[in-house]
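[1] Predicted model and sequence follow; I will ask about them next.
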Amino acid sequence: MSEAGEEGRLAAERILQFLLDAGDLLASSLDVDRTFEAIARAAVPYLAEWAGIFLPQPDGSLGARVIVHHDPALVERTWDVVRRYPATRASDGIVAVMRTGQSRVVPRVTAEMLAAVAQSEEQLQLMLDAGIRSVISVPLHSGGQTIGVLQLVNSPQGEATDAERRAAELLAARASVALDNARLFARERQIATAFQQAALPASLPALVGLALDAVYVPGSNESLVGGDWYDAIPLRDGRLVVSVGDVAGSGLEAAVLMSAMRQAVRTIALVHADPMTILDAADRALKNEHPDRVVTAVVGVYDPVEQELSYALAGHPPPLLRRAGGEIEALEGSDLPLGLRARAAGAAASIRLGPGDLVLFYTDGATEVSRDVVEGERQLRAALAAVPLHAADPARAIQRAVLAERTSDDVAILALTVVPFPAERRAVWSFASEDARAARAARHEFVALLVARGFDASAAYAAELIFGELVSNVTRHAPGPVEVVCDLGTEPVLHVLDRGPGFALITHLPTDVLAERGRGLYLVWSLSEELNVSRRYGGGAHARAVLAGR
């Protein structure tokens, strides 16, 4: 083979390798700035010693967005000069390419050519030091418009060839597709981020006896926003429902589904605040609307009167409990994710908490930063252990410790800390249910307390009936110790607790008009703003009646 033929073969192989590498670089970039960087880096050293991308500036000039060369010191010097002398002259090649949308090739550059376009002696000297021998300038398109210019300086062949121009134009054509994808990606990410931020709680509720802190961190720019959420729902009876979840997938669709699932949990919780029931109902809703989607979630219900947290998991990382003394344990008890589970047969798990105890709910992005889940869990526990007792922002402190750098996945963290409940906020009576004198005295004290707090005669009379019926119900169905608590909040709530087998809430009159069972609870349900009965941790029943207006 002749020397010229061998050079042609080597040049063809070089350009072929360039095209392969360029395709890989552009296919892997979904960010506009990184796409620009990938375009320039794809051309060096296959097509040129230098590569630069120039974009229109607000003043009408063309400014450099990317400059690539093997010598960092020379690149830094070039940036300094290029920033001070942007391209503005019509005689400048990149200005002409930007205006016409047509490629321009200068196979051999002379010193006279450089002097004609230089805006200062400093700029001319830089171009001479760079040893500019040839220049290829091709337009970059996106959305059907010319948005910038790719300039390649110094062909490996010495003189720029027509084959190199065609290769540069092919690179620009591929770059156009990549830029369109990156811009669509950026637009979807912006919409998804805005939607998700709007779907998350604007603020956390302020509750007596409990401190809440939460943080949401969106994923890095190489990953679409996902479907992580956190929520805290205060109930009228004083309990708090918390939920944290993660929709499988990413992007706007995941963000929309996240909002729907969070709202489903919230709606169900307002009707029946039992963690297992909430997850079962959410599972059915998901299967009905999105049978091909999967969601992990954890739901907890905290009762400040008993300082009890009941919770249920659906394929979600177990919350971490740090006791006031520093001991850390995981709240186990997982079930399959929503969308995959059968109706749960078991009950929610429960655990007693005390002042200073902290429960940390989180999504798996908090433990997958390093791609090593075991190490991620160790780091998360270490961060939780380092949070000071009664810290004002435990969720943010953990986020700063665990997510020092951006994570590829989004992360939701919710921290629940038990704080001492002010004694003046509650009135408590304890007696045996069969002790009529003690029950009567407690009822009179209860009514006097409400009158002193502004209840009128009819509201106080209704509250007295509620008190009597709930205590009588305990006497009939669960004789033994009874505890009555009045939470003196904005809406007073009457709590009646026993250790018997429990009773069911009836919100309608018995079918048999002569029946004696069921009328008392129906009366309580009718007279109160809200009534619910739940099982207690360790056995027994807990009735809560939100008292009607004053």
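    Arrived safely.
[2] model confidence over stretch 392-412, on average?
    Averaging pLDDT along stretch 392-412 gives 81.
[3] for it, which positions count as buried?
    Residues of stretch 392-412 classed as buried: 394-399, 402-403, 407, 409-412 (neighbour count, 16 or more other Cβ atoms under 10 Å). Glycine gets a C-beta too; all of them are placed from N, C-alpha and C.
[4] Which of these fall in helices?
    Of these, the ones assigned to helices by DSSP state H are 394-399, 402.
[5] hmm, back to that, now tabulate the buried residues of stretch 392-412 in TSV and tack on distance to Thr277.
    As requested, the buried residues of stretch 392-412 are exported to TSV (distance: Cβ to Cβ, whole Å):
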residue	distance to Thr277
Pro394	29
Ala395	27
Arg396	32
Ala397	33
Ile398	30
Gln399	31
Val402	32
Leu403	34
Thr407	33
Asp409	29
Asp410	28
Val411	28
Ala412	23
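[6] Out of those residues, the closest to Arg440 would be?
    Using Cβ to Cβ, Pro394 comes nearest to Arg440 of the buried residues of stretch 392-412, at 46.1 Å.
[7] Would you mind measuring from the residue nearest to Trp50 when sequence neighbours are not counted to Val109?
    Leaving aside its chain neighbours, Trp50 sits nearest to Val153 (3.7 Å; criterion: Cβ to Cβ, 6 or more residues apart in numbering). Using Cβ to Cβ, to the nearest Å, Val153 is found at 9 Å from Val109.
[8] and these two? which has more neighbours close in?
    Val153 (25 against 20; other Cβ atoms under 10 Å).
[9] low-scoring pLDDT stretches of the stretch 351-500 of the chain, where are they?
    370, 404-409 (pLDDT under 70).
[10] how about the strands in it?
    With DSSP state E, counting those that start in this stretch applied, the stretch 351-500 of the chain shows strands at 358-362, 411-418, 426-432, 481-487, 493-498, listed in chain order.
[11] Over to the stretch 1-150 of the chain?
    Using DSSP E, counting those that start in this stretch, strands in the stretch 1-150 of the chain cover 50-56, 62-68, 104-106, 135-142, 145-153.
[12] Out of these, the one nearest His390 is which?
    Using Cβ to Cβ, these put strand 62-68 closest to His390, at 49.6 Å.
[13] Just the mean pLDDT for the closest one, thanks.
    86.
[14] Next, the buried residues of it.
    Buried, per 16+ other Cβ under 10 Å, within strand 62-68: 62-68.
[15] again, but for stretch 107-114
    Quick answer for stretch 107-114 (16+ other Cβ under 10 Å): 107, 109, 113-114.
[16] Now do the contacts for the residue nearest to Ala401 when sequence neighbours are not counted.
    Excluding the flanking residues, the one nearest Ala401 by Cβ to Cβ, 6+ apart is Ala383, at 3.8 Å. Residues counted as contacts of Ala383 (Cβ atoms under 8 Å, 6 or more residues apart in numbering) are 397-398, 401-402.
[17] okay, those residues in JSON lines with distance to Arg440 next?
    What follows is the contacts of Ala383, written out as JSON lines (distance: Cβ to Cβ, whole Å):
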{"residue": "Ala397", "distance to Arg440": "51"}
{"residue": "Ile398", "distance to Arg440": "51"}
{"residue": "Ala401", "distance to Arg440": "56"}
{"residue": "Val402", "distance to Arg440": "57"}
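[18] tell me the two of these that are most distant?
    Ala397 and Val402 (9.6 Å).
[19] The residue nearest to Trp50 touches Ala130, doesn't it?
    Yes: counting by Cβ atoms under 8 Å, Val153 touches Ala130, with 7.2 Å between them.
[20] Mutual contacts of those two, please.
    Trp50.
[21] and Arg544, how far is that from Leu309?
    16 Å.
[22] next one: Ala273
    12 Å.
[23] Common neighbours of Val153 and Val109, please.
    With Cβ under 8 Å, 6+ apart as the test, Val153 and Val109 both reach 132, 134-135.
[24] Fine by me, thanks again.
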